[in-house]
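Chemist: Quick one, fold the following:
(2 chains)
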Amino acid sequence: KAGVTQTPRYLIKTRGQQVTLSCSPISGHRSVSWYQQTPGQGLQFLFEYFSETQRNKGNFPGRFSGRQFSNSRSEMNVSTLELGDSALYLCASSLEGFQGEKLFFGSGTQLSVL
Amino acid sequence: DAKTTQPPSMDCAEGRAANLPCNHSTISGNEYVYWYRQIHSQGPQYIIHGLKNNETNEMASLIITEDRKSSTLILPHATLRDTAVYYCIVRGTASKLTFGTGTRLQVTL
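Modeler: Numbers count the residues shown, from 1 in each chain, chains lettered A, B, ... in the order given. Okay, here's the model as predicted:
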């Protein structure tokens, strides 16, 4: 079974631009969640999608948004990029998103904002 | 989700067992203990998880104390490839995982 796939692997943007990151979950997994990892703040939860609906949300500004498609693939968008948005963005998937399920991560998208 | 406390760093000789402790004294009855590890700039790798009973898989063993206030991840025969940051996470009803600062395990020759 293929793992969680994230594209692109690396991305360079400038302040004020917007960016879209993509995540394909493991086949059969319907829950997709997103995390941001920075050296200063560590790994922080952004949001979770299940059946095309946002089910949980972390403490990030509205510039961070996401969506999920009917095939469970997910995208996250960051608008009006700031220097502080430079981070490793990680996507994770699980079957239904229940607490006793294994959650598998992709390799991440390294975003650099100049 | 309950907070976890881990030592910031540990060393282990290759071939020896690595025992990584985690304190989660405020854990609730329905919260699971998860362990992940992360090698620099890669996504966290799932290792093992458990609720009350000890668990073992091909990678590691998880020992949870009877009162569930602490746990230990055991890598039975550490290799250089096990050098990573190890995260102990208590997971509640939401899908999200709340990561702490983890333990940086250095396996040496």
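Chemist: ok, what's across the strand from residue B:104?
Modeler: residue B:9, residue B:85 (DSSP bridges).
Chemist: what sits against it?
Modeler: B:8, B:9, B:10, B:84, B:85, B:86 (C-beta atoms under 8 Å, 6 or more residues apart in numbering or on different chains). Heads up, the C-betas are built off the backbone N, CA and C, glycines and all.
Chemist: Among those residues, which one has the most neighbours?
Modeler: Neighbour counts for the contacts of residue B:104 (other C-beta atoms under 10 Å in any protein chain shown) peak at residue B:86, which has 24 neighbours.
Chemist: correct me, but that residue touches residue B:44?
Modeler: No. Contact criterion C-beta atoms under 8 Å: residue B:86 and residue B:44 do not qualify, at 9.8 Å.
Chemist: Quick check: neighbours shared by these two?
Modeler: B:36, B:37.
Chemist: Check which residues of whichever helix or strand residue A:44 is part of are buried.
Modeler: Per DSSP states H and E: residue A:44 is located in strand A:42-50. Residues A:42, A:43, A:44, A:45, A:46, A:47, A:48, A:49, A:50 are the ones in strand A:42-50 that count as buried (16 or more other C-beta atoms under 10 Å in any protein chain shown).
Chemist: Residue A:37 is in contact with residue A:86, isn't it?
Modeler: No. Between residue A:37 and residue A:86 there is no contact under C-beta under 8 Å: 10.8 Å.
Chemist: all helices of chain B, in order?
Modeler: Using DSSP state H, chain B contains no helices.
Chemist: Enumerate every residue touching the residue nearest to residue B:16 when sequence neighbours are not counted.
Modeler: Ranked by C-beta to C-beta, 6 or more residues apart in numbering or on different chains and with sequence neighbours excluded, the top spatial neighbour of residue B:16 is residue B:78, at 6.0 Å. With contacts defined as C-beta under 8 Å, 6+ apart, residue B:78 is in contact with B:12, B:13, B:14, B:15, B:16, B:17, B:18, B:105, B:107.
Chemist: again, only this time at 6 Å
Modeler: B:12, B:18, B:107 (C-beta atoms under 6 Å, 6 or more residues apart in numbering or on different chains).
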